[in-house]
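*Asks:* All I have is the shape, not the residue letters:
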């Protein structure tokens, strides 16, 4: 979601969908749906109040759930990084930048190398 300030004589901040303007426009979301910023703030404040209520009922269980969620996210992040590392490691052996690649010898260089092998001065 992105905040957008609409001003047609009034200052009305609104959030609009972040997927709508992706190129080509309208492929991820068919409309640029909007919601008033005041409504978003109401939803966020209600959600925070509910979480605080839930946390105050059983603090230890809430802490365990949060810790479990954090560990799951860290495990997933670590797994993704390992996969990226393995992929990069497997691909790195295949690509040689043009500046580091060995150049093909010219016909004159080939002839000179052939003479050196034979021992011709």
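*Replies:* Looks like it came in fine. The model shown is predicted, which means the values in this text are computed figures rather than measured ones.
*Asks:* All the strands of the chain, in order from the start?
*Replies:* Remark: strands assigned in the chain by DSSP state E are 2-7, 11-16, 34-36.
*Asks:* Report the distance from stretch 33-47 to the chain centre.
*Replies:* Mean-position distance between stretch 33-47 and its chain equals 26 Å (CA atoms, centre = their mean, to the nearest Å).
*Asks:* now swap in stretch 64-79 and tell me
*Replies:* Worked out by CA atoms, centre = their mean, stretch 64-79 lies 18 Å from the chain centre.
*Asks:* and that stretch, which residues are buried?
*Replies:* Going by neighbour count (16 or more other CB atoms under 10 Å), nothing in stretch 64-79 comes out as buried. The C-beta positions use only the backbone N, C-alpha and C, and glycine is treated the same way.
*Asks:* worst average pLDDT in the strands of the chain?
*Replies:* With a mean of 68, strand 2-7 has the lowest mean pLDDT of the strands of the chain.
*Asks:* So, low pLDDT: which residues of this protein?
*Replies:* 1-2, 6-8, 93-98, 100-101, 120-121 (pLDDT under 70).
*Asks:* switch to 90 and redo it
*Replies:* 1-38, 40, 58, 81-121 (pLDDT under 90).
*Asks:* which residues of the protein fall in helices?
*Replies:* Taking DSSP state H to define them, one finds helices in the chain at 37-57, 59-92, 107-118.
*Asks:* how about CSV for the strands of the chain, with mean neighbour count and distance to residue 49 added?
*Replies:* Below are these laid out as CSV (neighbours: other CB atoms under 10 Å; distance: least, CB to CB, whole Å):
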stretch, mean neighbour count, distance to residue 49
strand 2-7, 10, 23
strand 11-16, 14, 21
strand 34-36, 14, 19
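*Asks:* For residue 104, the count of nearby residues, please.
*Replies:* The number of residues packed near residue 104 is 7, by other CB atoms under 10 Å.
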